[in-house]
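In: Give the three-dimensional model of this entry:
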Amino acid sequence: MDQHFKIWKTITEQAAEKNARLIAVSKTKTDQQIMELYQYGQRDFGENKVQELIEKYDRLPKDIRWHHIGHLQTNKVKYIAPFVHLIHAADSFKVLQEIDKQAKKAARTIPCLLQFKIAQEESKYGFPLSDAITMLNSEAFHELKNVRIDGVMGMATFTDDPEQIRGEFKTLHGIFTKLKDQFFPDRENFCEISMGMSDDFPIALEEGSTLLRVGSLLFGKRIYL
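Out: Below you'll find the model as predicted:
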C-alpha cells in the first residue's frame, strides 16, 4: 500500500470516528501532489495565500471544496468570493463586512468561522471572546446578509507540552459552546470547530474538533517560497 495513501486513510478514518473531516492543507504543494490525494477521494483542500488559491482553483477539478485557512486581507476577499467553500479565519468585523460585500456581488452566502486567539504567541490572530460577543450583539453584525457563521477556529501554541495544547483546545470548545447557546441555538449550520494540525490533531479530535487542517503529514514538510 502506498505510504501516502496509508497516512491519508488513517487520518480520514480517525476523523470519521469522531464525526470530523480532514482538510488537506495544500499550500505550496504541486497540482500533482494535490491530484494524488484527489484520486484517493479527498475533496477538501486548504490554502492560506489568495493568489495560490485562485490559480489552483482555475487549474484543478471543480468539485474540490477550497478552504481559505490563513489570515485574510480585506483587499483580497473579492478574488475568492465567487468560489471559496469556507473561510476559516474571519478574525475581525472589518473582514466580515468585506466578505459580506463581495459575497453579495457574487450572489452567494459565504460560510465563515470566527477565529479566536487561544495560543500564547503574539503572532497568532483572532478575536478575544469579549470582542466577538460585542460584535454578535451589535446591529451592524445583523445587517450582514451574505455571511453565515458556521462555527469557530483556533490555533494552539507551538509547543511540546500536550497539556497546554489540550487546555487551549478546551478553551476553543468552550467558546463554541457559549456562542452556540447564546447566539446560534437553532442554527444547525453552527456546528464547526476547526482546530488541530499535523502535530496536534489527535488531541484536537479528543477535544471535539470537527475540521482538521493537516498538511505536512500528508504531503511532507512545507516548502517555503
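
In: Scan this structure for its longest helix.
Out: Ranked by number of residues, the top helix in the chain under DSSP state H is helix 162-183.

In: Who are the packing partners of that helix?
Out: Secondary-structure packing of helix 162-183 (3 or more Cβ pairs under 8 Å, 6 or more residues apart in numbering; DSSP states H and E): strand 110-116, helix 129-137, strand 147-154, strand 192-194, helix 201-206. Every C-beta, even on glycine, is put in place using the N, C-alpha and C of the backbone.

In: okay if I get the ones you listed as JSON lines plus mean pLDDT and distance to Pro162?
Out: Formatted as JSON lines, the helices and strands packed on helix 162-183 follow (pLDDT from 0 to 100; distance: least, Cβ to Cβ, whole Å):
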{"stretch": "strand 110-116", "mean pLDDT": "98", "distance to Pro162": "20"}
{"stretch": "helix 129-137", "mean pLDDT": "97", "distance to Pro162": "24"}
{"stretch": "strand 147-154", "mean pLDDT": "98", "distance to Pro162": "16"}
{"stretch": "strand 192-194", "mean pLDDT": "98", "distance to Pro162": "18"}
{"stretch": "helix 201-206", "mean pLDDT": "98", "distance to Pro162": "6"}
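
In: count of neighbours near Gly174?
Out: 14 (other Cβ atoms under 10 Å).

In: Next: Asp161.
Out: Neighbour number of Asp161 under other Cβ under 10 Å is 10.

In: Relative to Asp200, how far out is it?
Out: Per Cβ to Cβ, to the nearest Å, Asp161 is found 11 Å from Asp200.

In: For Thr30, find the nearest of the helices and strands packed on helix 162-183.
Out: With respect to Thr30, and counting by Cβ to Cβ, the nearest of the helices and strands packed on helix 162-183 is helix 201-206 at 23.3 Å.

In: so how far is the closest one from its chain's centroid?
Out: For helix 201-206, the separation from the chain centroid amounts to 15 Å (computed by Cα atoms, centre = their mean, to the nearest Å).

In: Tell me where this protein has helices.
Out: Going by DSSP H, the chain shows helices at 3-17, 31-40, 50-59, 77-80, 93-105, 129-137, 139-142, 162-183, 201-206, 216-219.

In: So for Gly154, which of those sits nearest?
Out: helix 162-183 (4.2 Å).

In: isn't Ile11 right next to Leu212, touching?
Out: Yes - counting by Cβ atoms under 8 Å, Ile11 touches Leu212, with 7.1 Å between them.

In: who's more crowded, the two?
Out: Using other Cβ under 10 Å, the more surrounded residue of Ile11 and Leu212 is Leu212, with 29 against 21.

In: Enumerate every residue touching Tyr40.
Out: Going by Cβ atoms under 8 Å, 6 or more residues apart in numbering, Tyr40 touches Phe5, Trp8, Lys9.

In: Tell me who's in contact with the first one.
Out: Phe5 is in contact with Tyr40, counting by Cβ under 8 Å, 6+ apart.
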